[in-house]
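J.: What follows is a predicted protein model with its sequence.
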Amino acid sequence: MAKILIVAEHDGSALNPSTAKCVTCAAAIDGAEIDVVVLAASTSDIAAEAAQLSSVARVITIERAENEKPLAAVFAPQVAAAAGGYTHVFGPSTTFGRDLMPHVAALLGVNQVSDIMSVEGSHRFKRPVYAGNAIVTVEAPEGSVVVATVRVASWEAAAGGNAATIEAGDATIELPSHTRYVGLESDASDRPDLQTASRVVAGGRALGSPENFELINKLADALGAGVGASRAAVDAGFCANDLQVGQTGKIIAPDLYIAIGISGAIQHVTGIKDAGTIVAINKDEEAPIFEIADIGLVADLFDVVPALTEALS
Amino acid sequence: MEKIIVGLKRVVDYNVRVQVKSDGSGVETDGVKMSINPFDEIALEEALRIKERGEASEVIAVSIGSSEAQQQLRTGLAMGADRAILVQLDGDIDPLSIARVFKHIAAQENAGLVLLGKQAIDGDNNQIPQMLSAIWGRPQATFASGVEINGDTARVVREVDAGLETIEVDLPAVISVDLRLNEARYVKLPDIMKAKKKPLDVVALAELGIEAGPQIKELSYAPPEERQRGIMVDDAAALVAALKDKGLV
């Protein structure tokens, strides 16, 4: 019987949708009993949200001032202590989970299964390697805890409507002081979050400048979409780093992905493979992005994008 | 700070389109170009810059793998590492054991900093720096896009989903580097010649007394499901019509 602990991701006040996706992944394991642990300075709102997720049995809160910011070195010993009695400990493959979970795994003396894309058994999973160019089926050893990250783009969010019990966990573990949070620089934008948006418009190198990248923002706003970018566009300074989509950026699965002026390098494509519909607009008809696009348009983006924005506004 | 340890993994080159072997036992590596993991190259570049600013005295490149990884270590020496250590083994080794090797070397060398790539582009695991932090009992700063050494502490800018996070860590620490930290230097021919004379120690994994942890077994490899090429449209109006057709707008 699988007893699974999921580490909740949140911003201090609200649950990140990645947690609900981890729940769906955990629920794919036969007979799973699922608990969620919330570490925060103030846990009540976040725990209340987590308690609504379907299939969750218990929400455990670890409330202490040190948990105000998600420092892996501070969270990990608490998660490792809370993991006693569980067969599995899951976190999301967002930067939060990728930072934290291997630290937890090492504290528990095990290797980690990274980026679960499908569950084949209680200890058997599929995960992508080589930028998604190969899928490997792996088996974690029976008899030791399975620590894993869940590839969020592969899973739907669990539904709400549940009322799991909420109880306080141990908030007395000794914590290190060698790591201190300084600050977060974030582009405050009202646009939907790139990782959870149902529509994403992304721009590439062909935009040519930060000013021209505004064309992407305008189309995104007309569609109510999130904004993404290729590595080339980010490296060239057209937009913020956190918009990068691909192997080393964000892996996303929107219903609609519109790639504009993006050639479609393997490393980019691996970040969008799970999108519902991929639209590609590129001047170069040989661009590899057209090999995977559901709808392609060979055209100059500087003509097409304003026309599209107008038509969709 | 005296010493910086940098990890260099030998991987299939970034530009190679890997193919899954027909028997599903892995990916084709025969006759395929191998290189330093690109993130590790960035880690080495950062170590060299820290040393060039006078904030460290020695950069030690470490690889854990087959004897062929000496090629990547020689490249690292040509880039500017002072010496190299190959921890040699045949076959595969799990990430936790690799973290244990780094801990062993960090302790032995009394390292002030261990700089590693955030992930290797073959296994895409993204685990070893965090595991090293856990078992070494020292801070971790992952996904670094900015590193500033201030005596006994380091200030690190991290690329996180929400933007750029800054944390401060006490040294010694583990830093894992992201793509935009720097651009690695090109190796020049005279440096390649000089690198041949730099020390490269080879030690067998068995000599370190590190036992492999519980392994995650790889059962089989398969190619990913391919997306099919779709339709082409002629202009913006046709594109809007196609999207409406699919109920997407």
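T.: That came through, no problem.

J.: Measure how buried residue 178 is and give me the count.
T.: No chain specified, so I'll use chain A. 20 (other Cβ atoms under 10 Å in any protein chain shown). Backbone N, C-alpha and C define where each C-beta goes, glycine included.

J.: The intended chain is chain B.
T.: Residues lying near B:D178 (other Cβ under 10 Å) number 24.

J.: Surely it is in contact with A:T248?
T.: Yes: counting by Cβ atoms under 8 Å, B:D178 touches A:T248, with 7.3 Å between them.

J.: Now do the shared contacts for these two.
T.: Common neighbours of B:D178 and A:T248 (criterion: Cβ atoms under 8 Å, 6 or more residues apart in numbering or on different chains): B:K118.

J.: Would you mind giving me the confidence score for the closest residue to A:H178 other than its chain neighbours?
T.: Leaving out its chain neighbours, the residue that sits closest to A:H178 by Cβ to Cβ, 6 or more residues apart in numbering or on different chains is B:D170, at 4.2 Å. With respect to pLDDT, B:D170 scores 98.

J.: now do the one 3 residues further on
T.: For B:A173, the model assigns a pLDDT of 98.

J.: what's around the nearest residue to it once chain neighbours are set aside, how many residues?
T.: In this structure, B:A173 finds its nearest non-sequential neighbour in B:P139, 4.3 Å apart by Cβ to Cβ, 6+ apart. Using other Cβ under 10 Å, B:P139 has 26 neighbouring residues.

J.: The one 5 residues further on now?
T.: Here the neighbour count serves as a burial measure; for B:A144 (other Cβ under 10 Å) it reads 24.

J.: next one: A:G31
T.: Neighbours of A:G31 using other Cβ under 10 Å come to 8.

J.: List the strands paired with the longest strand belonging to chain B, with their directions.
T.: Using DSSP state E to define each element, chain B has its longest strand at strand B:140-150. Using DSSP bridges, the strands paired with strand B:140-150 are strand B:153-160 (antiparallel), strand B:173-177 (parallel).

J.: Give me the distance between it and the centre of its chain.
T.: 15 Å (Cα atoms, centre = their mean, to the nearest Å).

J.: Spell out the residue ranges of the strands in the stretch 51-200 of chain A.
T.: Assigned by DSSP state E, counting those that start in this stretch, the stretch 51-200 of chain A shows strands spanning A:56-63, A:88-92, A:112-116, A:118-119, A:124-129, A:134-139, A:146-150, A:165-168, A:179-185, A:199-203.

J.: same question, chain B
T.: For chain B, applying DSSP E gives strands covering B:3-7, B:10-12, B:34-36, B:58-65, B:83-88, B:113-117, B:140-150, B:153-160, B:163-170, B:173-177, B:200-204, B:217-222, B:231-233.

J.: related to what we said a few turns ago, thought the residue nearest to B:A173 was touching A:S177?
T.: No: the pair B:P139 / A:S177 is not scored as a contact, 9.9 Å apart, by Cβ under 8 Å.

J.: Show me where the stretch 151-300 of chain A dips below the pLDDT cut-off.
T.: Scanning the stretch 151-300 of chain A for pLDDT under 70 picks out nothing.

J.: Now do the helices in it.
T.: Using DSSP state H, counting those that start in this stretch, the helices of the stretch 151-300 of chain A run over residues A:210-223, A:231-235, A:266-269.
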